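[1] the following block contains a protein sequence and its predicted model.
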Amino acid sequence: MSDDELTLSVSQYIDVVNNVLKSTMGEGVWIQGEIEGFNNRTKHTYFNVVERTDGKKASVNVAIWEFNLKRLKPMLEKHRLTLADGIKVRLFGTGDLYAERGSFSFKVSNIDPRFTLGDLAGQRDEIVQKLKLAGLYEANKRVKLPVVPLRIALLTSIGSAAHADTLHELEASGIGFEVFVYDVRVQGEDAAPTVVAAIKQVAKRDDIDLIMLVRGGGSKTDLLAFDTEAIATAIGTCVKPVFTGIGHEIDFSIADEVAHRAFKTPTACAAGVAEVVNEFVQSTEEAWAQIAATASELLQSAEHELVRSLDRIRRRPMDVLNLAAQSLKGASDRLRLLDHVNTMARGWSITRDAQGRTIRSAAQVSAGEQMTTQLSDGTISSTVNS
């Protein structure tokens, strides 16, 4: 080894490396990857940005100092983003070799929210297409909703605001709901597995009419579990109707899309279940009212018909007597017309032979026979000469 060879101290070497990084990358560069090992338990935030390609993994240590995090926080809140494991990010910063530990880290000074939002949207679209191809996207909407769903399985985080708000709304409805609460995680890596397990468990029960899956508001990344294929598939294959109330007014997850019915908030979801029951009660009351009205109309019609029948019954004997009297008078008139006395009064006469037989033909008598002719005012005896 020559004395002329360059020898640097550790600090000098670190300074050279950092100067090379700065001269090469200028004010900084953009890198992208997936967050892993997220840690924000101190005033600074640390994590790794990783890239996985062909089974290989590349990783860079990342640090966001407190002052930079405070500056970036309003922008993240505007886009409703929080940093967490599994989120893909595009970060701007500079490389730095830390002298005390000799560790390299990428110091972040800016974050591109559009990259993260675009990635989330792309993942969402991909999952939706897979669900449609599998026939699960509309499957739960076709599940028959019980006429009166009173036995409810409530899937939520026990003790959360969503849990309290949902129970309060169901109780305030005045309907006798029977609620079975399933404690599930609604955020983080345990959320999807616990929700899926609860849905499958409830689906096996015969004493459940409807499932409610509720969670309060949060950032887009807080609600990522409800955009997972696992929860969407569990809802799509569930034999019970699933109502969702996830997040705030502006949130709409894949779980909402595939659910039987989706509501803006947990409170709205509970109100929606109560409305289903109230609609049945109202339709029942309307049906009974219609039955009562129809029965009243039938009774009134029958009463009117009875009055008319009684009136006809009262008039019938007189009508019959009058008709009989008219018929009798007609018969009497006809009989009077047929009486021989009346006939002879009009100029007719009756001639009989000696034996009293009525002579109707000249062939009945012979010369010399005695005949008697009866007129209206007497009789005439005569002898047949020829």
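    Everything's here; your move. Residues are numbered from 1 along each chain as shown.
[2] from here on, contacts and neighbour counts on C-alpha atoms
    Noted.
[3] all helices for the chain, in order.
    10-25, 66-78, 113-133, 161-172, 191-203, 229-236, 254-258, 266-338, 340-345 (DSSP state H).
[4] export the ones you listed to a markdown table and tack on mean neighbour count and distance to G218?
    Formatted as a markdown table, these follow (neighbours: other Cα atoms under 10 Å; distance: least, Cα to Cα, whole Å):
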| stretch | mean neighbour count | distance to G218 |
| --- | --- | --- |
| helix 10-25 | 14 | 37 |
| helix 66-78 | 13 | 10 |
| helix 113-133 | 15 | 15 |
| helix 161-172 | 18 | 12 |
| helix 191-203 | 19 | 14 |
| helix 229-236 | 24 | 18 |
| helix 254-258 | 23 | 15 |
| helix 266-338 | 13 | 13 |
| helix 340-345 | 14 | 121 |
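[5] how about those, which one is nearest M212?
    Evaluated with Cα to Cα, those place helix 266-338 nearest to M212, the distance being 7.6 Å.
[6] which strands and helices lie in contact with that closest one?
    helix 161-172, strand 210-215, strand 242-246, strand 261-263 (3 or more Cα pairs under 8 Å, 6 or more residues apart in numbering; DSSP states H and E).
[7] quick one: the third one to strand 210-215, angle?
    To tie it back to what came earlier, the one meant is strand 242-246. Taking axes from the mean of the first three to the mean of the last three Cα atoms, to 10 degrees, strand 242-246 and strand 210-215 form an angle of 10 degrees between their directions.
[8] run me through the strand neighbours of strand 242-246, direction for each.
    strand 210-215 (parallel), strand 261-263 (parallel) (DSSP bridges).
[9] pLDDT on the last one, on average?
    The one in question is strand 261-263. Mean pLDDT, strand 261-263: 94.
[10] just name the most buried of the strands paired with strand 242-246.
    Greatest average neighbour count among those goes to strand 210-215 (a mean of 26), per mean count of other Cα atoms under 10 Å.
[11] I'd like the helices and strands packed on helix 266-338 as JSON lines, with distance to V202 appended.
    Below are the helices and strands packed on helix 266-338 laid out as JSON lines (distance: least, Cα to Cα, whole Å):
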{"stretch": "helix 161-172", "distance to V202": "18"}
{"stretch": "strand 210-215", "distance to V202": "8"}
{"stretch": "strand 242-246", "distance to V202": "11"}
{"stretch": "strand 261-263", "distance to V202": "18"}
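[12] nearest to E189, of the ones you listed?
    Across the helices and strands packed on helix 266-338, closest to E189 is strand 210-215 (Cα to Cα), at 15.5 Å.
[13] what angle sits between the closest one and helix 266-338?
    150 degrees.
[14] before we move on, back to that, if we compare the helices and strands packed on helix 266-338, which one ends up closest to A234?
    Closest approach to A234 among those (Cα to Cα): strand 242-246, 10.2 Å.
[15] look up how far T45 lies from P193.
    Between P193 and T45 the distance is 27 Å, computed by Cα to Cα, to the nearest Å.
[16] ignore the last one, R215
    For R215 relative to T45 (Cα to Cα), the value is 27 Å.
[17] quick check: closest non-adjacent residue to G236.
    Nearest residue to G236 in three dimensions, chain neighbours excluded: L136, at 4.7 Å (Cα to Cα, 6 or more residues apart in numbering).
[18] looks like the one you found contacts T237 (just checking).
    Yes. Counting by Cα atoms under 8 Å, L136 sits close enough to T237 to count as a contact (6.8 Å).
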